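A.B. asks: here is a sequence with its predicted model. Questions after.
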Amino acid sequence: MSSGFTSQIPKAMRGRGARSNASGRYEAEQREAFDDGWTPDDPEPAKLQTTLTPEKAKVIISRNDSPDIGFSASINPYRGCEHGCIYCYARPAHAYMGLSPGLDFESRLFFKPEAARLLEKELSKASYRPEFIHIGGNTDPYQPQERRLRITRGVIEVLVAFRHPFSVITKSALIVRDLDLLAQAARLELTRVAISVTTLDRRLARSMEPRAATPERRIDAIRRLTRAGVPVSVMFAPCIPGLNDHEMEAVLERAAAAGASGAGYVALRLPREIKDLFREWLESDHPDRARRVMSLVRQMRGGKDYDDAWGSRMRGQGPIGDLMAARFAAARKRYGLDQGWGTLSTARFRVPPKPGGQMDLFQE
């Protein structure tokens, strides 16, 4: 029986999340895959290579005024994300680059090679006033290419040198590479880290987040960070009714056992092109539950695939959203993840002396 989504679902590419690559909404010409009758019944998709393009940014700190986001200043070293998470809320932004939020988003990446220099320049301005900066508010700052490019590490090196408060969110175990910097910042009460753990089911994780670290490696990253004195929160995001929501308590319990002291969650968001990409993925990988999942999603979004209203877009509404919130609050309290992190101080901020310049006799 058809689920009512699409008549033909493209075969998944190994290591990729999206099943298609339809044009972005701003492109003059629209493209979409279709069956012309010449394709074999079960074609093997061509391997998709990742391309990297340097982006010449003028400034590195982005700002937002959204009332339901916990930060106003952020740094995103990359555009696009090779993790390929099918649900990623950043996918629609690739349309601004004239690219598809589908496979283009996870294979045609942009990086900011001058990120550290631009940040140092901005923080050194006499007019600059320090405020908490979040790293990774859009795409993951520790995606696979960071191992070689080291853009995120360069940004953190500058922030530590300036004793500037910051936080990081990632679903990559690569963050432990920078334990030396993060532990140093934590000793000065300058940093906190959030690790996203969406499931403990390795098969679901591979399907939903094909190039992200396995769930066990993320739990281990929590353990190693907390042992080094870095405050860590676990993010159960997104919480998808009918797919991974039953794991909420188990994820929080494992994170708490690994040393996490805080927790958060976000209900599945399907703005713009993501709704079609997500439905396509569901039909491909989880045809037995595709109808039910989308029905539950609509029940917590006022009958629509998505509602972007501030105050409810992160949590959903109605009985489904209320139950999700109640379960999370109970689990967070049960596992001691409601301790809070406190406020990261800007009091230690200072512009470090330049080589050959006059030393500050009173610096710590």
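C.D. replies: Here it is on my side, so go on.

A.B. asks: which stretches of this structure have low pLDDT?
C.D. replies: 1-13, 17, 20, 23-46, 65-70, 340-342, 355-364 (pLDDT under 70).

A.B. asks: quick one: the helices in it?
C.D. replies: 103-107, 115-123, 146-149, 151-161, 179-187, 202-208, 215-227, 248-257, 274-285, 290-299, 318-334 (DSSP state H).

A.B. asks: Gly137: which of the ones you listed is closest?
C.D. replies: helix 151-161 (12.9 Å; Cβ to Cβ). C-betas here are computed from N, CA, C, even on glycine.

A.B. asks: got JSON lines for the helices of the chain, with distance to Asn76 too?
C.D. replies: As requested, those are arranged in JSON lines below (distance: least, Cβ to Cβ, whole Å):
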{"stretch": "helix 103-107", "distance to Asn76": "14"}
{"stretch": "helix 115-123", "distance to Asn76": "9"}
{"stretch": "helix 146-149", "distance to Asn76": "12"}
{"stretch": "helix 151-161", "distance to Asn76": "10"}
{"stretch": "helix 179-187", "distance to Asn76": "18"}
{"stretch": "helix 202-208", "distance to Asn76": "22"}
{"stretch": "helix 215-227", "distance to Asn76": "20"}
{"stretch": "helix 248-257", "distance to Asn76": "25"}
{"stretch": "helix 274-285", "distance to Asn76": "18"}
{"stretch": "helix 290-299", "distance to Asn76": "27"}
{"stretch": "helix 318-334", "distance to Asn76": "27"}
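
A.B. asks: tell me the most buried of those?
C.D. replies: Highest mean neighbour count among the helices of the chain (mean count of other Cβ atoms under 10 Å): helix 103-107, with a mean of 25.

A.B. asks: what distance do you get for the residue nearest to Ile240 when sequence neighbours are not counted to Ser172?
C.D. replies: Counting by Cβ to Cβ, 6 or more residues apart in numbering, Ile240 lies nearest to Leu268, which is 4.6 Å off, once chain neighbours are set aside. Using Cβ to Cβ, to the nearest Å, Leu268 is found at 21 Å from Ser172.

A.B. asks: same check, this time on Phe166
C.D. replies: Phe166 is 17 Å from Ser172, by Cβ to Cβ.

A.B. asks: check Lys121 too.
C.D. replies: Counting by Cβ to Cβ, the gap from Lys121 to Ser172 is 28 Å.

A.B. asks: and what of Ala186?
C.D. replies: From Ala186 to Ser172 the distance is 19 Å (Cβ to Cβ).

A.B. asks: and Asp178, how many residues sit next to it?
C.D. replies: Using other Cβ atoms under 10 Å, Asp178 has 21 other residues around it.

A.B. asks: quick one on the thing from earlier: dihedrals phi and psi, the residue nearest to Ile240?
C.D. replies: phi -50, psi 130 (degrees, to the nearest 10).

A.B. asks: begin at 52 from here
C.D. replies: Right, with 52 as the first residue, what we last looked at is Leu319.

A.B. asks: right, and it touches Asp296 too?
C.D. replies: No. Assessed by Cβ atoms under 8 Å, Leu319 is found out of contact with Asp296, at 9.2 Å.

A.B. asks: what residues are shared contacts of those two?
C.D. replies: Cys290 (Cβ atoms under 8 Å, 6 or more residues apart in numbering).

A.B. asks: which one's more surrounded, the two?
C.D. replies: Legend: neighbour count by other Cβ under 10 Å for Leu319 and Asp296, higher for Leu319 (24 against 21).

A.B. asks: which non-adjacent residue is nearest Glu182?
C.D. replies: Nearest to Glu182 is Ala124, by Cβ to Cβ, 6+ apart, at 5.5 Å.
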